[in-house]
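# no FASTA, just this:
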């Protein structure tokens, strides 16, 4: 698979991360899916899955917090929360196999419109 790039887009409305890959020749880094000035970038593009996970870690925490709030586990102490977050990250690393076609959205249409940060 040539020069594949791996990306993540944080959908704040759904509070979930969309994982995608693209074969487009693009620079790695932060992008804005919608060019709202002053907004933090909502798309990351990297050369490797581990790098992508590191870059999108804050989003993973947001998703985790939303999940815990929904599940009613907000009473957990910080040690348990930390363990839960680590477990979620480990599961993520396993599920984001670069060659697993079910884990990724391939070349989403909107990728052509994102703007560098």
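Great, that's in hand. Fair warning: this is a prediction, and the values are worked out from it, not measured in the lab.

# average pLDDT across the helix or strand residue 88 falls within?
Per DSSP states H and E, residue 88 falls inside helix 78-95. Here helix 78-95 scores 75 as its mean pLDDT.

# which element follows it toward the C-terminus?
Later in the chain than helix 78-95, the nearest helix or strand by DSSP H and E is strand 105-106.

# low-confidence bits of this protein, can you list those?
1-2, 35-38, 71-77, 81 (pLDDT under 70).

# before we move on, the earlier item: identify the residues contacting the helix holding residue 88?
For helix 78-95, contacts defined as C-beta atoms under 8 Å, 6 or more residues apart in numbering pick out 49, 50, 53, 57, 60, 61, 64, 68, 73, 76, 103. No exception for glycine: its C-beta is placed from N, CA and C like everyone else's.

# what about residue 40, distance to residue 10?
Note on residue 40: its distance to residue 10, by C-beta to C-beta, to the nearest Å, is 9 Å.

# which one of these two has more residues nearby?
Legend: neighbour count by other C-beta atoms under 10 Å for residue 40 and residue 10, higher for residue 10 (21 against 10).

# fine by me, we can end here.
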